[in-house]
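Colleague: following is a predicted model, sequence given first.
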Amino acid sequence: MLKALKNVPGGAVSPGDVLITGSGRGLGLELALAFAAGGYGVILHGRDRAALARAARAVTALGARCEVRRADLRSRAGLAKLFRLFRRPGLSVLVNNAGIHCPGLPLEKVSGPAVDELIQVDFAAPVKLAARAYAAFAARGRGAIININSVCALEAHPRRAVYSAAKWGLRGFSAALRREAEGTGVRIADVYLSRVMTRPEFTHGQRADETARRIYSFFSRSRGERLVLDGRPRGRAR
Ligand SMILES: NC(=O)c1ccc[n+]([C@@H]2O[C@H](COP(=O)([O-])OP(=O)(O)OC[C@H]3O[C@@H](n4cnc5c(N)ncnc54)[C@H](OP(=O)(O)O)[C@@H]3O)[C@@H](O)[C@H]2O)c1
């Protein structure tokens, strides 16, 4: 481990390694940089080889240790590759960040395969990863799981029924697991976001680097369970 953080106020988990899904680009990459700056060793994950290589260079430029795992969250083999990581005693944080961006569509226009993919990547994969991480962390009496979610899990949004189903499902899972984790030393935290400018076509919303820094600060400086970052102008939030 590189430079370790001294005692973190609020008794937060002290640095070890973090696995961040979907961290070759977007918010996941910014989270990787924030954790690296905080002294964590980072395991980057995604599918895009070139993006992951660029992300690894950016993380190591901060002086942090960095590894890369390419794995498709839709496949059993991909998930199994990530499950193996939780055997490592140094891996103490899982950030379930990977997700699929889907433009708003009337439900009748959403295909069956698109439903399967969204439920797999935004709901089933984070649940399965959290289950493995939780078992390992609880056995060691320490660790944290952060589920990156959306304000779509707090409100009802037309034309986003399937995305909402996945995100509401993840919210319910997280809340139940938090109760189950009481007394184990494992922290379960949720982050609910409105639009973050992670793509060129997202011309309004919260800055991705700032959002990641706020998430890292919430994680490292508090024992909070839930962070809502809603950058919408008043009146646009439901
Ligand atoms: N951006 C927003 O406005 C916003 C708002 C609310 C919530 N969120 C949530 O925040 C999280 C990050 O969003 P983002 O905007 O940063 O997303 P993004 O830029 O679209 O990046 C998504 C990440 O997920 C990975 N991913 C997608 N499908 C995958 C699969 N089948 N297997 C493995 N990795 C896969 C991608 O990896 P590859 O590119 O390598 O495939 C990529 O690294 C998501 O959970 C999203 O729902 C975002």
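Modeller: Great, that's in hand.
Colleague: from the contact counts, what lies against whichever strand or helix holds N147?
Modeller: Applying DSSP states H and E as the criterion places N147 in strand 143-150. Contacts defined by 3 or more CB pairs under 8 Å, 6 or more residues apart in numbering; DSSP states H and E place strand 143-150 against strand 91-96, helix 125-140, helix 161-180, strand 186-193, helix 208-221. Bear in mind the C-beta positions are built from the backbone N, C-alpha and C, glycine included.
Colleague: what mean pLDDT does the first one get?
Modeller: Looking back up the chat, that one is strand 91-96. Across strand 91-96, pLDDT averages out at 98.
Colleague: and it, which strands flank it?
Modeller: Applying DSSP bridges, strand 91-96 is found paired with strand 17-20 (parallel), strand 143-150 (parallel).
Colleague: out of the ones you listed, which comes closest to the ligand?
Modeller: Closest to the ligand of the strands paired with strand 91-96, according to CB to the nearest ligand atom: strand 143-150, at 3.6 Å.
Colleague: okay, the angle between that closest one and helix 161-180?
Modeller: Interaxial angle, strand 143-150 versus helix 161-180 (axes from the mean of the first three to the mean of the last three CA atoms, to 10 degrees): 150 degrees.
Colleague: pLDDT value on the closest residue to K167 other than its chain neighbours, please?
Modeller: Spatial nearest neighbour of K167, chain neighbours left out: A153 (3.8 Å); criterion: CB to CB, 6 or more residues apart in numbering. If you check A153, the pLDDT there is 97.
Colleague: what about A153, how many residues nearby?
Modeller: A153 sits with 22 neighbouring residues when counted by other CB atoms under 10 Å.
Colleague: same question for A56.
Modeller: Neighbourhood size, A56 [other CB under 10 Å]: 18.
Colleague: same check, this time on L107
Modeller: Neighbours of L107 under the rule other CB under 10 Å: 11.
Colleague: same question, S217
Modeller: 13.
Colleague: same check, this time on R207
Modeller: 14.
Colleague: now do G38
Modeller: 20.
Colleague: I215 is in contact with that one, correct?
Modeller: No. When contacts are counted by CB atoms under 8 Å, G38 is not listed as touching I215 (11.2 Å).
Colleague: show the contacting residues for the spatially closest residue to L229 that is not a sequence neighbour.
Modeller: Take L229 and drop its neighbours on the chain: the residue closest to it by CB to CB, 6+ apart is L193, 5.3 Å away. Shown in contact with L193 (CB atoms under 8 Å, 6 or more residues apart in numbering): L27, I148, N149, S150, V151, Q206, T211, L229, D230.
Colleague: one more time with 10 Å, if that's ok
Modeller: 27, 148-153, 205-206, 211, 215, 227-231 (CB atoms under 10 Å, 6 or more residues apart in numbering).
Colleague: near the ligand, which of those residues show up?
Modeller: L27, I148, S150, G205 (CB under 6 Å from any ligand atom).
Colleague: in contact with the last one, which residues?
Modeller: Shown here is G205, whose contacts under the criterion CB under 10 Å, 6+ apart are L193, S194, R195, V196, M197, T198, R199, T211, G231, R232.
Colleague: quick revisit: export the strands paired with strand 91-96 to TSV and tack on mean neighbour count and mean pLDDT?
Modeller: Below are those laid out as TSV (neighbours: other CB atoms under 10 Å; pLDDT from 0 to 100):
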stretch	mean neighbour count	mean pLDDT
strand 17-20	26	98
strand 143-150	24	98
